[in-house]
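**Q** Got a sequence here, can you build the structure:
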Amino acid sequence: MGTKTRNLGAGTITVNQGLKLSGTIDPDVGSPSYTLEITGSLAAVQDSDASALVVSGTVDISGSMYLRGSYISSNPLIRRPATFRPKDDNSAASVGSNLFIVPTGPGGISGLYQSNANTHANWGSAEGDSATVTYNSDPATNYNGLPVYFDEDASSRDLRLLADATAFGGISFVVPTWEGRFLHVKHDSSAASNGVALYFDADASGGMTVRVRFVSPTNTEGSVDTSSTTSFFYKTEEDPHGS
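**A** Reported below is the predicted structural model:
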């Protein structure tokens, strides 16, 4: 396979053979508009594979990538963070129930839980991503769930969700989103005093993005970013976000 260099403009790149990217494809440079269509397999690995797409630089995906073959990765891909916005609401405690974090897998992989309504629901980001919030009548008792708190003015925007995880050895938690990002819930033994409680209102007027509520000490709407490291979730072409 030879090496070819070209300026990518509008159109579609169809990959049927091996393609090696040694630099960065950045959709912000020159504002090109294109689609990368993979008809074989996509492998983001360090070693070369003549039948796959080998990425040795960075792929920054701000939209969606659909794979019709298989996807193998030995290192996480980098994505732009998504922003989730807890809503300031003085009646948060009465319209919703506490938001809990429950460890569900190795390495701090966890899920969000609520007891507000007998239904699973999603918390949506401003960009259209979402995290599932599972219903249980008593997450604290049934699953050893921990209340999640919110530090609205923490300097690191992706470390504003807190939980006192002393009972779990002081680990921090990560919650996968549907588009492969992570929400971090940081261990803080003083979470209840360093943050304020988060509540979940499954029936909130305004849709998925305003379902998480809190009482802001400064009467300010909240924001928390996901980490820029993706999970290894597989996203199909069908809408995975639910309602």
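**Q** low-confidence ranges in the protein?
**A** 1-79, 228-243 (pLDDT under 70).
**Q** quick one, domains of it?
**A** 11-75, 83-225 (automatic domain parsing).
**Q** What's the end-to-end length of the longest one?
**A** Okay, so that is domain 83-225. 4 Å (CA to CA, to the nearest Å).
**Q** pretty sure Tyr149 is touching Val185, no?
**A** No - using CB atoms under 8 Å, Tyr149 is not in contact with Val185; the gap is 9.2 Å. All C-beta atoms are positioned from the backbone trio N, CA, C, and that covers glycine.
**Q** Next, show the common contact partners of those two.
**A** Shared contacts of Tyr149 and Val185, defined by CB atoms under 8 Å, 6 or more residues apart in numbering, are found at 161-163.
**Q** so Asn142 sits right up against Ser115, yeah?
**A** No - using CB under 8 Å, Asn142 makes no contact with Ser115, being 9.7 Å away.
**Q** Just to be sure, Gly111 is in a strand?
**A** Yes - checked against DSSP: H, G, I helix; E, B strand; the rest coil, Gly111 lies within a strand.
**Q** Neighbours of it, how many?
**A** Gly111 is flanked by 21 other residues according to other CB atoms under 10 Å.
**Q** Contacts only, for Asp151.
**A** Under the criterion of CB under 8 Å, 6+ apart, the neighbours of Asp151 are 159-162, 194-195.
**Q** Check the gap between it and Gly180 for me.
**A** For Asp151, the distance to Gly180 equals 25 Å [CB to CB, to the nearest Å].
**Q** which other residues reach stretch 107-118?
**A** Under CB under 8 Å, 6+ apart, the answer for stretch 107-118 is 96-104, 121, 123, 131-139, 143, 145, 148, 171-176, 185, 199-203.
**Q** can you rerun that using 6 Å?
**A** With contacts defined as CB atoms under 6 Å, 6 or more residues apart in numbering, stretch 107-118 is touched by 96-97, 99-104, 133-137, 139, 145, 171-175, 200, 202.
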